[in-house]
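> sequence first, predicted coordinates after that:
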Amino acid sequence: MQLPLLPVPPLQVANAMAAKVKLLQRELKTLKADLAFSKERCAQLEEENRQLRDGNHDADEDMVRAQLDPVSLLLHSAVRWRVLLS
């Protein structure tokens, strides 16, 4: 036996849609932050590749130091969490 479908009040539909919009906006904000970080990292890698192709081996140490820099990792994590919590 199938139960009859009850009509959903318009206010309930509006609240559900507003909640979904808020969720999607937060997800979009997170994706934008990830994209910005990825673009920045891509630019860094392109610069590293250019320096390596040009034979600038002194830059190797600087690049490794920058990649292992814990402050940059903490900053990235902080940005991600700030975006997620806002």
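Received it, and whenever you're ready, just let me know what you need. Note that the coordinates shown come from a computational prediction; the quantities given were computed from them, not determined experimentally. Residues are numbered from 1 along each chain as shown.
> what about A33, neighbour count?
Counted with other C-beta atoms under 10 Å, residues neighbouring A33 total 16. Every residue, glycine included, has its C-beta placed from N, CA and C.
> just checking, what packs against the helix or strand containing it?
Element membership of A33, judged by DSSP states H and E, is helix 10-53. Helices and strands touching helix 10-53, by 3 or more C-beta pairs under 8 Å, 6 or more residues apart in numbering; DSSP states H and E, are helix 58-67, helix 70-85.
> same thing but at 7 Å, please
helix 70-85 (3 or more C-beta pairs under 7 Å, 6 or more residues apart in numbering; DSSP states H and E).
> show the average pLDDT along the helix it packs on.
Mean pLDDT, computed over helix 70-85, is 66.
> repeat that for stretch 38-46.
Rounded mean pLDDT across stretch 38-46 is 88.
> could you do stretch 4-21 as well?
For stretch 4-21, the per-residue pLDDT values average out at 89.
> show me the contacts for L23.
By C-beta atoms under 7 Å, 6 or more residues apart in numbering, the contact set of L23 is empty.
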